[in-house]
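Novice: Generate coordinates for the sequence data below:
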Amino acid sequence: MMTNLFSSFDPTSSILSIPLNWLSTLLGILIIPLSYWLIPNRSLIIWKMMTTKLYQEFKTLLISNKNMGSSFFFISLFSMILFNNFLGLFPYIFTSSSHLTFTLSLALPLWISFMLYGWINNTQHMFAHLVPQGTPPILMPFMVCIETISNVIRPLTLAVRLAANMIAGHLLLTLLGNTGPMIMNSPILIQILILSQILLLMLELAVSIIQSYVFAVLTTLYSSEVN
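Specialist: Numbers count the residues shown, from 1 in each chain. Below is the predicted model of the structure:
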């Protein structure tokens with residue numbers, strides 16, 4: 001029995017005193033051998049069509065020729081986040097993407113690498129980004145402060161956006177699920193509860209796809225800004 005509403009997000013829960021929760025992040029490795037079959041199945045064909053479409057979109061975002069091949073990295077990032085978001089919708093599976101430990105571990109190293117690359121190789125270009133074009137001279141010091149703050153908080157906004165969206169849907173599902181035993185004597189309310197749970201689960205499926213896509217696209221945009 002849960003002692004707290006947030007117990008379902010507790011990363012310290014264990015199996016036989018062994019903390020194995022974070023291993024759910026690596027379960028996606030099990031589906032990789034399926035892509036080596038000569039004749040793929042229908043689900044793999046759909047997945048390849050989706051990744052091809054993503055590759056074309058990321059390629060347009062990465063305008064510079066220096067970023068040849070970077071789109072494959074961002075497609076892999078999208079795939080990993082999407083898989084972990086989907087896993088969290090199954091019962092008794094730990095949702096790693098709902099924790100800042102996971103999301104910050106993705107966002108912070110990427111942002112630091114972009115900043116180091118930009119300030120070392122394109123210093124003048126990075127200074128030009130601090131003052132938007134057409135800014136009056138009197139407002140330039142304030143714009144530098146605002147742009148610097150907005151740039152520094154980028155990894156935090158990336159991490160919090162993904163974690164908060166995953167936590168919100170899971171909390172709603174948990175709250176609705178906990179009301180089930182209280183209305184067992186009312187068949188109509190049970191039917192309404194089940195229907196609302198199904199609709200909310202469909203919404204969570206859409207949120208899982210959208211948030212992984214947003215994370216990958218924003219990371220791609222941040223990397224294109226430093227070139």
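Novice: thought residue 158 was touching residue 220?
Specialist: No - with contact defined as CB atoms under 8 Å, residue 158 does not count as touching residue 220 (11.8 Å). Every residue, glycine included, has its C-beta placed from N, CA and C.
Novice: C-alpha coordinates for the lowest-mean-pLDDT helix or strand in the chain, PDB please?
Specialist: Here the helix or strand of the chain ranked lowest by mean pLDDT, DSSP states H and E is helix 123-129, holding a mean of 79. Presented in PDB, the C-alpha positions along helix 123-129 are these (Å, rounded to 0.1, in the frame of the first residue of the first chain):
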ATOM      1  CA  THR A 123      33.200  33.200 -30.100                       C
ATOM      2  CA  GLN A 124      32.200  36.200 -32.100                       C
ATOM      3  CA  HIS A 125      29.000  34.500 -33.200                       C
ATOM      4  CA  MET A 126      28.100  33.600 -29.600                       C
ATOM      5  CA  PHE A 127      28.700  37.200 -28.500                       C
ATOM      6  CA  ALA A 128      26.400  38.400 -31.400                       C
ATOM      7  CA  HIS A 129      23.600  36.200 -30.000                       C
END
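Novice: Which other helices and strands does it contact?
Specialist: helix 100-121 (3 or more CB pairs under 8 Å, 6 or more residues apart in numbering; DSSP states H and E).
Novice: I'd like the distance from the helix it packs on to the chain centre, please.
Specialist: The chain centroid and the centroid of helix 100-121 are separated by 15 Å under CA atoms, centre = their mean, to the nearest Å.
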